[in-house]
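Student: just need the structure, nothing else, for what follows:
(one chain, ligands or ions: 2)
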Amino acid sequence: MDGMTFPANTWPEADALLYDDAVKARVDHLYERVKDVVTPMEWPKFATLIDAINRLKVERGATILAHNYMTPEIFNCVGDITGDSLKLAQVAADAEEDVIVQAGVHFMAETAKILSPHKTVLIPDMEAGCSLAASITGADVQRIKAAYPDLPIVTYVNTSAEVKAYSDICCTSSNAVQVVEAVAAQWGVDTVIMIPDEYLAKNVAAQTGIKILTWKGSCEVHEQFTPQDLDDLRAAHPDAVILTHPECPPDVMAKADFAGSTGAMASYVKDHAPKKAILITECSMSDNVSVENPGVQFVKPCNLCPHMKRITLTGIYEALRDMKHAVEVDPAIAEKARASLQAMLDLPKAAKPPHFDTGRDAVAVPYVSV
Ligand code: 13P
Ligand code: SF4
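Tutor: Ligands and ions are numbered 1, 2, ... in the order given. Below you'll find the predicted structure:
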């Protein structure tokens, strides 16, 4: 990063930030928001970082995009735009600020950079990966394309730029069914390749008449949930609504009352205000949805995403202070990946994130053979 571009760095190490009266006056109102999910012991340390980050954002002309799986002090106290993968991608395409800090994992930052190539996109930790993104390479997609030249390849956004570049269109968990149906109609085919999440592919296949071939990838967080877990939760909390993410195996989704992207789950809770809710997804999501819905009691089965949890307030502070770590994508790859993302973004926007019907029968979804 060119040292002339930004003001000289006068910000101290994170540990040297002080929780004094001025800081308290500026950020203690934010504690009201998170007081049920952040302890008073944790707050002073968080408060100094939150104050510094919010001031640095102004200095740097930056906006923070925070995914629903961020811890509550990040999500609620420094995130400018919050939401699911689709919303963050849509916002990244239109952001006015010159600097985007991605409070999320690497594929999300890469997506922001692809959609806004002239902006500086920072991620607090370059190692914040994803088991789905790690399950497939660009070379794999080229082999699939060679084996199935007449079938469109729908690729989950949880993938590298290279994988997106060799695909025909991207999808998120929010628009996956819509994308599969739209691309099948555009290509005039009854079969679509959907990679790399085999569970998302199976869950989508159960919602549509389109046949799907898939890849053996999965989310290491959602694949851990079992039908037995849901039976146990249902027995212990018969009055609770159970919501699942479509990255869960289909036999888990079949036991739930509702399924959808993280954005769809949050919107269900807001609209229906159930007495008690259980979100079958990453842990921090329940904390964040509970902040918005204080009247709802949450049972929190806790599966943490180790990649999402690499993003911390300290990391965000250091990213803004030192303008690191800038995400770069090879321009030729970025141009092709942008076409796949744009094909998705050009589809009509749903007024509300759509959901999956949990009552559908499972259908066979073979793996591609390459
Ligand atoms: P969504 O926010 O799009 O539902 O994605 C969930 C997820 O696992 C992101 O890594
Ligand atoms: Fe990837 Fe799953 Fe973590 Fe999301 S929750 S980043 S899909 S490993």
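Student: hey, let's count contacts and neighbours off CA atoms from now on
Tutor: Noted.
Student: looking at the stretch 1-150 of the chain, which residue is nearest ligand 2?
Tutor: Per Cα to the nearest ligand atom, the residue of the stretch 1-150 of the chain with the smallest distance to ligand 2 is residue 130, at 3.7 Å.
Student: near ligand 2, which residues of the stretch 251-370 of the chain?
Tutor: Within the stretch 251-370 of the chain, the residues that sit near ligand 2 (Cα under 6 Å from any ligand atom) are 305, 307.
Student: can you do 5 Å?
Tutor: Within the stretch 251-370 of the chain, the positions near ligand 2 by Cα under 5 Å from any ligand atom are residue 305.
Student: report how many residues lie close to the residue of the stretch 251-370 of the chain found nearest ligand 1.
Tutor: Of all residues in the stretch 251-370 of the chain, residue 261 sits closest to ligand 1, at 3.5 Å by Cα to the nearest ligand atom. Residues lying near residue 261 (other Cα atoms under 10 Å) number 27.
Student: repeat for the one 4 residues further on
Tutor: Here the number of neighbours of residue 265 (other Cα under 10 Å) works out to 27.
Student: cool, and residue 335?
Tutor: Residue 335: 16 neighbours (other Cα under 10 Å).
Student: pLDDT weak spots in the protein?
Tutor: For the chain, the stretches flagged by pLDDT under 70 are 1-8.
Student: which positions in it make contact with ligand 1?
Tutor: By Cα under 5 Å from any ligand atom, the residues of the chain that approach ligand 1 are 84, 85, 173, 261, 262.
Student: my read: the last one touches residue 82, true?
Tutor: No. Counting by Cα atoms under 8 Å, residue 82 is not a contact partner of residue 262; they are 11.0 Å apart.
Student: now list whatever residues contact both of these two.
Tutor: Here residue 262 and residue 82 have residue 68 as joint contacts, going by Cα atoms under 8 Å, 6 or more residues apart in numbering.
Student: more neighbours: the two, which one.
Tutor: residue 262 (28 against 21).
Student: and the closest residue to the more buried one other than its chain neighbours, what is it in contact with?
Tutor: Excluding its sequence neighbours, the residue lying closest to residue 262 (Cα to Cα, 6 or more residues apart in numbering) is residue 84, at 5.6 Å. Contacts for residue 84 were tallied using Cα under 8 Å, 6+ apart; they are 67, 68, 261, 262, 263.
Student: now do the SS call for residue 121.
Tutor: Following DSSP: H, G, I helix; E, B strand; the rest coil, the label given to residue 121 is strand.
Student: can you tell me how far residue 121 sits from residue 347?
Tutor: Distance of residue 121 to residue 347, computed by Cα to Cα, to the nearest Å: 25 Å.
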